[in-house]
Each structure stands twice: as C-alpha cells, then as structure tokens.
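Enquirer: coords below, sequence missing:
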C-alpha cells in the first residue's frame, strides 16, 4: 500500500547542528566580551573561538548588539536563582557563594563590564537591566517568604539584597583573593543580625 510516506522528507531532529552552533557562538561571545568588553570583540574572533565559519555568526546575528544581548541572557539563569530550604541564612549564604562563582565566569565578567556606563548599545543596556531585575526579584521573593514565615522581621527585601550582594562584587572584582564560604557566612550573619537587632519590638 502506498501512503505517500516514502516521499516525505525525514523529520528534523529538535535542535541539531544549528542549535549546537548557536550555543558555541553564544559561549564564545560571552568569553570575548568578558576579555575585551562589548566594543572590543569582532565577529571573526567569535567565529574562531566558537570553531565555526564567520558566516554562521553573521547569518544568525546580523546585529552585533543583539548577539551580545542574547549571549548575556543565555547565561543569566544561574545568577538569578536562590534556593528555598526553609533556612533563610543558609539559602542566602549558598546564594552568595554561587553568585561569586558566577561572577568569576566569562559570563559574569561580561555582565559586570556591560553594567559600566556607555553611550551606545541600547539593546545590551536593556538586557543587563533585565538580568539585574531578575536577580533582584529572586532575592526579594525569598526574603519576603522568610518574613511571612517569621524567619525575619519585616524588612525592605531590596535593601537586604543590596547589602549582601555588594561585598561579593567588591571582593570578586578586586581580584586580590578568592571569595570563600566563610566570607559569605560573615556577610549574611552580620546583615541578618543587624536587621533583627534594629527591628521594632511589639
């Protein structure tokens, strides 16, 4: 019986070679932006680091800024998540350790470079703002849960997030020494102790 299936083209596998090529290009872009800044990298270098032909880069991203923006978004997820184990102190410590590790990756360095003031690249600025908002929202949700459960007194969750994240960026960006778990424990311990000590008592 002939049902016409023999004449049909084979079904395309999801992802496949093009997905791999795109992933290689995005990873190479994050690495080069981390090294040279947004203005310093070239398509030819992206292709070389990714191990693809430069026409693959041009074809997928004719706009350079869109390539940078997508590379940043692609690697943003790990810096915008925080666990909920029921122990707010432990979760914040784990978050800071993960944040420090992420900032030491090519993506993290690319993100830090992209936060610097620039007169161009509106697509990249918007992307960075979106990533930072995602990260801030994750912290706010976790802190608000802790307040609702009675783990913490009422507190400005945005302010708390800034208080614990600032020292991490300072230590990592200085590059003088590694950020350690004891660093994270001290930072979180001091900030939470201060919040609890200054909370109004009923």
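Expert: Nice, I can see it. All of these numbers come straight from a predicted model, not from anything done at the bench. Numbering: from 1, shown residues only.
Enquirer: skipping its backbone neighbours, what lies nearest the residue nearest the centre of the chain in space?
Expert: In the chain, the centroid-proximal residue (CA atoms, centre = their mean) is residue 76; its distance is 2.8 Å. In space, and not counting its chain neighbours, residue 76 is closest to residue 131: 4.4 Å by CB to CB, 6 or more residues apart in numbering. C-beta coordinates here come from the backbone N, C-alpha and C atoms, glycine included.
Enquirer: quick one: end-to-end distance for stretch 41-58.
Expert: Using CA to CA, to the nearest Å, one end of stretch 41-58 lies 14 Å from the other.
Enquirer: which helices and strands does the helix or strand encompassing residue 172 pack with?
Expert: Secondary structure assigned from DSSP states H and E places residue 172 in helix 157-174. Using 3 or more CB pairs under 8 Å, 6 or more residues apart in numbering; DSSP states H and E as the contact criterion, the neighbours of helix 157-174 among helices and strands are helix 88-103, helix 106-114, helix 122-149, helix 181-198.
Enquirer: show the average pLDDT along the second one.
Expert: Throughout helix 106-114, pLDDT has a mean value of 74.
Enquirer: next one: that helix to chain centre, how far?
Expert: Distance of helix 106-114 from its chain centroid, counting by CA atoms, centre = their mean, to the nearest Å, is 9 Å.
Enquirer: mind giving me the packing neighbours of it?
Expert: Using 3+ CB pairs under 8 Å, 6+ apart: helix 106-114 touches helix 16-36, helix 64-74, helix 88-103, helix 122-149, helix 157-174.
Enquirer: that older thread, list the contacts for the residue nearest to the centre of the chain?
Expert: For residue 76, the residues meeting the contact criterion (CB atoms under 8 Å, 6 or more residues apart in numbering) are 107, 111, 131, 134.
Enquirer: what of residue 195?
Expert: By CB under 8 Å, 6+ apart, the neighbours of residue 195 are 152, 153, 155, 160.
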